[in-house]
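Just to be clear, the model below is a prediction. Sequence and coordinates:
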Amino acid sequence: MTSTALLYAVSRATLYRLLRGDRRPKDAHRTDRGHPRSMSAPEIERWCEIVAAMKVRTTNKKGRHLSTVRTLQLLVEHGVDTPDGFQKLEPGRLTASTVNRHLRRLGFDHERMLRQPPAVRFQAEHANELWHFDMSPSDLKHLQTPPWIDTDRQGAPTLMLFSVVDDRSGVAYQEYHCVYGEDVETALRFLFNAMSPQTAIAGDEGDPFQGIPAALYLDNGPVAKSAVFKRVMESLGVAVLPHMPAGTDGRRITARAKGKVERPFRTVKEAHETLYHFHQPETEAEANRWLAHFVATYNSGDHRSEPHSRLDDWLTHLPADGVRQMCTWERFCAFAREPERRLVGLDCRLTVAGATYEVDPELAGETVVVWWGLFDQELWVEHGEERSGPFRPVGGPIPLHRYRKHRKSRQEVRADQVASLAGKLALPRAALEGEDGVVMSGMKPAELPASVPMRPFQDPDPFHELGFANPIAARRAIADEVRVPLATLSAEDRAFIDALLARTLARPEILAAVRQRFPQGRKGGVG
């Protein structure tokens with residue numbers, strides 16, 4: 001720098017100042033830099049596209065893929081089939097360094113090919129318009145005294161952290177539950193608690209966060225795939241929006257653990273559950289009390305973008321007509337029912353989930369669909385288009401001296417009628433012997449009638465050929481017969497028609513009476 005400054009008769013400060021500006025010396029390049037010389041630009045771009053496609057196609061979940069050298073070797077020795085036909089590279093036309101340089105220049109390098117598209121941030125306009133729902137295992141893993149243990153499974157249940165977060169305000173509601181995996185029944189119970197009015201904590205006011213959301217956003221796990229969960233949410237008017245399955249939207253990862261519901265999880269585990277090294281909750285109720293105090297503090301914290309707290313933002317942006325009130329627990333239990341096909345025993349009983357139910361007698365021996373509740377013991381039975389219930393569990397067998405019959409069902413009454421008719425039927429002996437004489441079996445010979453009693457045939461007349469379907473159809477036929485509107489007839493003629501239709505709707509009788517009343521030649525007559 002000193003010799004250069006002396007050469008141009010300037011100070012070193014001036015030289016440094018000039019180098020910091022636009023007068024910095026640049027590298028010298030060839031005039032055809034960036035233009036391929038081994039083949040034309042469209043051709044080199046096509047081969048770079050094929051090489052990039054080969055790398056993307058061979059990429060596995062660990063990120064391993066074909067190298068440029070191996071890809072060129074395959075293209076030279078074997079070639080590749082493309083939508084434009086078979087492509088095979090001539091030996092010596094391209095090298096790995098040349099292809100890598102043009103891949104970077106054209107934007108076909110592997111890093112850019114796998115780069116995800118820009119993320120789009122969204123935010124609801126009103127409170128309770130969208131909730132995010134998720135569950136995460138607690139860092140505590142297990143309680144010292146779990147509330148229940150399934151003997152059919154190994155070990156104690158996992159302490160799971162359930163959470164819903166309002167999309168607009170970021171207000172969270174969380175609970176601890178001991179479960180084995182993602183349990184649908186526990187998820188529904190938690191959502192009922194989240195949507196119901198919150199009970200006040202000792203020393204604090206009740207949390208106003210409540211109501212039924214318009215939509216629920218959750219991952220595509222066992223809860224979102226459950227039919228009973230979808231049925232309950234449909235009954236509450238909540239739209240279920242699960243994540244898209246992985247690999248269904250190109251390069252974009254459809255479910256990333258960077259959303260609005262994961263932020264409260266991380267905060268709870270870092271700021272609250274780390275204190276469990278000093279004191280651990282003994283029961284699930286105690287853990288939920290401690291967690292409720294911390295969540296209340298979290299909700300009173302600053303909003304992510306607004307100059308007020310999360311809870312104030314939720315209260316400020318409530319819908320114009322208010323939040324939707326949650327139903328009672330009894331009605332919620334009525335929504336949470338699971339269908340199952342069962343065969344009713346001959347004693348009108350069936351067993352569901354270890355409980356015995358006694359249904360209507362007319363369902364004995366039938367295959368029915370039972371709707372049993374997840375939170376109650378009421379049972380509904382569906383057979384065909386009819387649904388009966390609710391049925392409640394019954395005790396054991398009836399004592400011997402207190403036995404009573406079931407009331408006869410409609411099917412049993414019909415069966416008794418058919419059995420009674422079968423005992424009274426008589427078949428002529430001529431049906432077997434071919435004789436003309438008529439012999440009634442089961443009857444005394446002196447009381448035999450001269451001939452078999454017959455009843456007139458009852459024609460169902462499905463197309464109304466013998467009688468009109470209703471008086472209106474009969475009036476239309478009369479108007480066609482007399483060829484004038486009935487309203488133009490005299491009062492006496494109209495009275496005659498009314499009396500005729502009140503007496504009968506038989507087509508031959510009505511037409512004969514009309515032709516007699518309105519003969520040809522008379523004004524308004526037939527013909």
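Here it is on my side, so go on.

Neighbours of Phe108, how many?
21 (other Cβ atoms under 10 Å). C-beta: built from backbone N, CA, C; applies to glycine.

pretty sure it contacts Arg46?
No. Under the criterion of Cβ atoms under 8 Å, Phe108 is not in contact with Arg46, lying 10.9 Å apart.

Now do the SS call for Tyr217.
Here Tyr217 is recorded as strand under DSSP: H, G, I helix; E, B strand; the rest coil.

Number of residues surrounding it?
22.

Next up, the contacts around it.
Leu130, Trp131, His132, Phe133, Asp167, Leu241, Pro242 (Cβ atoms under 8 Å, 6 or more residues apart in numbering).

mind running it again at 7 Å?
Contact analysis of Tyr217 by Cβ atoms under 7 Å, 6 or more residues apart in numbering lists Leu130, Trp131, His132, Phe133, Leu241.

ok, the second one touching Ser169?
Just to be clear, that refers to Trp131. No. The criterion here is Cβ atoms under 7 Å, and Trp131 misses it with Ser169 at 10.8 Å.

for the contacts of Tyr217, which one is nearest His35?
His35 has its nearest neighbour among these in Leu241, at 50.6 Å by Cβ to Cβ.

measure that closest one to Ala430 for me?
77 Å (Cβ to Cβ, to the nearest Å).

Touching, Ser309 and Ser300? I think so.
Yes. With contact defined as Cβ under 7 Å, Ser309 reaches Ser300; the gap is 5.1 Å.

What residues sit buried inside whichever helix or strand Glu481 is part of?
Glu481 is part of helix 471-482 when elements are defined by DSSP states H and E. Buried residues in helix 471-482, counted by 16 or more other Cβ atoms under 10 Å: Ala474, Arg475, Ile478, Ala479, Glu481, Val482.

so for it, what's the average pLDDT?
Averaging pLDDT along helix 471-482 gives 87.

Likewise for stretch 329-344?
The average pLDDT for stretch 329-344 rounds to 84.

Convert the C-alpha atoms of it to PDB, please.
What follows is stretch 329-344 as a C-alpha-only set of coordinates in PDB (Å, rounded to 0.1, in the frame of the first residue of the first chain):
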ATOM      1  CA  TRP A 329     -71.700 -32.600  30.400                       C
ATOM      2  CA  GLU A 330     -74.800 -34.800  29.900                       C
ATOM      3  CA  ARG A 331     -75.300 -33.500  26.300                       C
ATOM      4  CA  PHE A 332     -71.600 -33.900  25.600                       C
ATOM      5  CA  CYS A 333     -71.700 -37.500  26.700                       C
ATOM      6  CA  ALA A 334     -74.700 -38.100  24.300                       C
ATOM      7  CA  PHE A 335     -72.500 -36.900  21.400                       C
ATOM      8  CA  ALA A 336     -69.500 -39.200  22.300                       C
ATOM      9  CA  ARG A 337     -70.900 -42.600  21.200                       C
ATOM     10  CA  GLU A 338     -69.200 -45.300  19.200                       C
ATOM     11  CA  PRO A 339     -71.100 -47.600  16.900                       C
ATOM     12  CA  GLU A 340     -70.600 -51.400  17.000                       C
ATOM     13  CA  ARG A 341     -72.500 -54.300  15.400                       C
ATOM     14  CA  ARG A 342     -73.800 -56.900  17.800                       C
ATOM     15  CA  LEU A 343     -76.100 -59.900  17.900                       C
ATOM     16  CA  VAL A 344     -78.800 -59.800  20.500                       C
END
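
got the contact list for it?
Residues outside stretch 329-344 that contact it (Cβ under 7 Å, 6+ apart) are 188, 192, 228, 231-232, 235, 350, 359, 363-376, 380.

and those, which are buried?
Buried among these by 16+ other Cβ under 10 Å: 188, 192, 228, 232, 350, 359, 363-364, 368, 370-376, 380.

picking up where we left off before, which single one of the buried residues of helix 471-482 is nearest to Arg153?
Nearest to Arg153 among the buried residues of helix 471-482, with distances taken as Cβ to Cβ, is Ala474, at 74.7 Å.

Helices of the stretch 201-350 of the chain, residue ranges please.
For the stretch 201-350 of the chain, the helices defined by DSSP state H, counting those that start in this stretch occupy 222-225, 227-236, 262-271, 284-299, 310-316, 329-335.

An error on my part: the question was meant for the stretch 351-500 of the chain.
Secondary structure of the stretch 351-500 of the chain (DSSP H, counting those that start in this stretch): helices at 410-424, 430-433, 471-482, 491-503.

Against Ala499, how distant is the nearest residue to Pro208 once chain neighbours are set aside?
Excluding the flanking residues, the one nearest Pro208 by Cβ to Cβ, 6 or more residues apart in numbering is Leu315, at 6.7 Å. According to Cβ to Cβ, Leu315 and Ala499 sit 75 Å apart.

Of those two, give the one with the bigger neighbour count.
Using other Cβ under 10 Å as the criterion, Leu315 and Ala499 rank with Leu315 on top: 15 against 10.

Tell me where the chain is predicted with low confidence.
Low-confidence segments of the chain, defined by pLDDT under 70: 21-26, 200-206, 247, 249-250, 255-258, 395-412, 427, 429, 431-465, 521-527.

just so I have it, where are all the strands in it?
Secondary structure of the chain (DSSP state E): strands located at 80-82, 85-87, 131-137, 158-166, 172-179, 215-218, 239-242, 337-343, 349-352, 355-358, 367-373, 379-383, 386-391.

out of the ones you listed, nearest to Ala285?
Ala285 lies closest to strand 172-179 among the strands of the chain, at 9.1 Å (Cβ to Cβ).

If you count contacts, what does that closest one end up packed against?
strand 158-166, helix 184-195, helix 262-271, helix 284-299 (3 or more Cβ pairs under 7 Å, 6 or more residues apart in numbering; DSSP states H and E).

who has more neighbours, Ser309 and Ser300?
Ser309 (18 against 12).

Let me have the buried residues of helix 471-482 in CSV, extended by distance to Asp32.
As requested, these are exported to CSV (distance: Cβ to Cβ, whole Å):
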residue, distance to Asp32
Ala474, 100
Arg475, 98
Ile478, 102
Ala479, 98
Glu481, 102
Val482, 103
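
What is the nearest of these to Arg515?
Comparing those against Arg515 with Cβ to Cβ places Glu481 closest, at 7.4 Å.

Count the residues that sit near the residue nearest to that closest one when sequence neighbours are not counted.
Take Glu481 and drop its neighbours on the chain: the residue closest to it by Cβ to Cβ, 6+ apart is Val514, 5.4 Å away. For Val514, the neighbour count with other Cβ under 10 Å is 19.

same check, this time on Arg20
For Arg20, the neighbour count with other Cβ under 10 Å is 9.
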